[in-house]
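Chemist: Predicted model, plus sequence, below.
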Amino acid sequence: MTETPLGLSQTPAHARALPPLRVAVAGLGAVGLKIVEALDEGLDGCVLTAVSARDKAAAADRLSALTRPVPVVDIAELEPLADLVVECAPAALLPAIVEPFLRAGKTAVVLSSGALLANEGLITIARAHGGQIVVPTGALLGLDAVTAAAEGEIRAVRMVTRKPVRGLVGAPYLVENGIAIEDITGPLRIFHGTPREAAVGFPANLNVAVALSLAGIGPDRTTLEIWADPALERNTHRIEVEADSATFTMAIENIPTDNPKTGRITALSVLAYLRKLRAPLRVGS
Ligand SMILES: NC(=O)C1=CN([C@@H]2O[C@H](COP(=O)(O)OP(=O)(O)OC[C@H]3O[C@@H](n4cnc5c(N)ncnc54)[C@H](O)[C@@H]3O)[C@@H](O)[C@H]2O)C=CC1
Ligand SMILES: O=C([O-])CC(=O)C(=O)O
C-alpha cells in the first residue's frame, strides 16, 4: 500500500488484536473490481470474504488470480459471509443487497445512493435492527463540510454537473424527453431540477447529487443543473453551499474509469472509508 504520513501504512496494534472486518462486495464492475483487488492486496483491518456478480462463472474466472480467492455467490447468500457489504451494482438491486445486512444489524456501504430515495424504508429497517447505511463521499468531495454545516443552518446548496456526452447517453430523462445529445457541438444544459428528480431521470449518473442532498438540505431543496459537454473528458461537479457557519465552493474533475459514467475516485473513497474503520488516527469525518 502507499506510505502515508505518520506511518499509517503500518498495521496498528489494536487492528491486530481485533478480528478483521469481513467485507463482501456486491457487483464486480468499475467500482467493485477495484475494491476487490485492493482488499486482496491487503487493507488493514479488513478481509474480503465474498463477492456477488451477475455472471458467477465469469467472475470466478476473473477472480482466480486473487491471492486469497473468495466465493462468488448470489446476492441473497452474502449476508452470513460478511460483517459489511459494499453495494456497487445496478441501482435496482439496492434493496436486495442491503436489506439482509441491515436486518442482521450490520453495515451496508451504498454506492447507488440515488436509489435510497425510492427505498427509504431501508432506513427504518436499519434503525429497528441496529444496522447502518453508509453513503460514502464517492465521486464527490466535501461531504464532511456539508454535514458539519447542516448541524447549523444551511440556506442553499447548488450543484452543477458537467459530463462528456458518452457519460450521459441513454439516460431515461433524455430518452423520455426526446433530447438528443450525440451530435451536439457545444455545451448543452439538459436538466435543471432537484436530486430527487435526477435520481429518476439519471439513475446511473447522479448518485453524487443525492449524496450531497442527504448530507445537506435534502433532495427537494438542493438545486441541480446537468450539462452535456462534448469538449469534456472528465465528469465535473461544482458545488456551492451557503450556511450560517460558512459559505463554500467545491469542485472536482473526475477521471472516468472504463465505465464512462463512473469516476476513478469512487472506489478509492470506499477504500479510504474501510481503512478508517480500524485506523488509530482518523482524519475527516
Ligand atoms: N455514489 C457515487 O459517488 C457513485 C455511484 N456510482 C454507482 O455505483 C454503482 C456501481 O457503479 P459501477 O461499478 O461504475 O457500475 P458497473 O455497471 O461498472 O458495475 C455494476 C456491476 O454489477 C453487476 N451486476 C448486475 N447484476 C448483478 C447481480 N444480480 N448480482 C451481482 N452483480 C450484478 C454488473 O454485471 C456489473 O459488473 C452504480 O449504481 C453507479 O451508478 C457510480 C459512481 C459514483
Ligand atoms: O454521480 C455518479 O454516479 C458518478 C459521477 O458523477 C462521477 O463519477 O463523476
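Modeler: Looks like it arrived, so ask away. Ligands and ions are numbered 1, 2, ... in the order given.
Chemist: mind giving me the domain split of this protein?
Modeler: 5-139+265-277, 143-254 (automatic domain parsing).
Chemist: Where among those is average confidence lowest?
Modeler: The stretch with the lowest mean pLDDT among those is domain 5-139+265-277, at a mean of 93.
Chemist: what about that one, distance to the chain center?
Modeler: Distance of domain 5-139+265-277 from its chain centroid, counting by CA atoms, centre = their mean, to the nearest Å, is 11 Å.
Chemist: Would you agree Leu66 is in contact with Gly42?
Modeler: No. Applying CB atoms under 8 Å as the test, Leu66 and Gly42 come out as separate, 11.6 Å apart. All C-beta atoms are positioned from the backbone trio N, CA, C, and that covers glycine.
Chemist: circling back to that earlier point, so which of the domains of the chain is nearest Gly284?
Modeler: Closest to Gly284 of the domains of the chain, according to CB to CB: domain 143-254, at 5.1 Å.
Chemist: Is that closest one positioned near ligand 2?
Modeler: Yes. Looking at domain 143-254 against ligand 2 by CB under 6 Å from any ligand atom, the contacts come from Asn205, Leu206, Asn207, Val208, Asn235, Asn254.
Chemist: Enumerate the residues of the stretch 51-200 of the chain near ligand 1.
Modeler: 52-54, 75, 88-91, 93, 111-113, 138-140.
Chemist: In ChimeraX, select just the buried ones from those.
Modeler: Restricted to buried positions by 16 or more other CB atoms under 10 Å, the ChimeraX selection for these reads:
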select :52,53,75,88,89,91,93,111,112,113,138,139,140
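Chemist: So which of the residues of the stretch 51-200 of the chain next to ligand 1 are in strands?
Modeler: Within those, residues falling in strands by DSSP state E are Ser52.
Chemist: what's the closest of the residues of the stretch 51-200 of the chain next to ligand 1 to ligand 2?
Modeler: Ala139 (3.3 Å; CB to the nearest ligand atom).
Chemist: Do I have it right that the closest one meets Lys261?
Modeler: No. Applying CB under 8 Å as the test, Ala139 and Lys261 come out as separate, 9.5 Å apart.
Chemist: can you give me the helices in the protein?
Modeler: 13-17, 30-41, 56-62, 94-103, 121-129, 143-150, 172-176, 195-201, 207-215, 265-277 (DSSP state H).
Chemist: in the fifth one, what counts as buried?
Modeler: Judged by neighbour count (16+ other CB under 10 Å), helix 121-129 contains these buried residues: Leu122, Ile125, Ala126.
Chemist: Distance check, the first one against His129.
Modeler: Using CB to CB, to the nearest Å, one obtains 11 Å as the distance from Leu122 to His129.
Chemist: any residues in contact with both of the two?
Modeler: Leu102 (CB atoms under 8 Å, 6 or more residues apart in numbering).
Chemist: now the helices of the chain in JSON lines, with distance to Thr161?
Modeler: Shown next, in JSON lines, are those (distance: least, CB to CB, whole Å):
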{"stretch": "helix 13-17", "distance to Thr161": "37"}
{"stretch": "helix 30-41", "distance to Thr161": "18"}
{"stretch": "helix 56-62", "distance to Thr161": "31"}
{"stretch": "helix 94-103", "distance to Thr161": "21"}
{"stretch": "helix 121-129", "distance to Thr161": "25"}
{"stretch": "helix 143-150", "distance to Thr161": "16"}
{"stretch": "helix 172-176", "distance to Thr161": "13"}
{"stretch": "helix 195-201", "distance to Thr161": "9"}
{"stretch": "helix 207-215", "distance to Thr161": "7"}
{"stretch": "helix 265-277", "distance to Thr161": "14"}
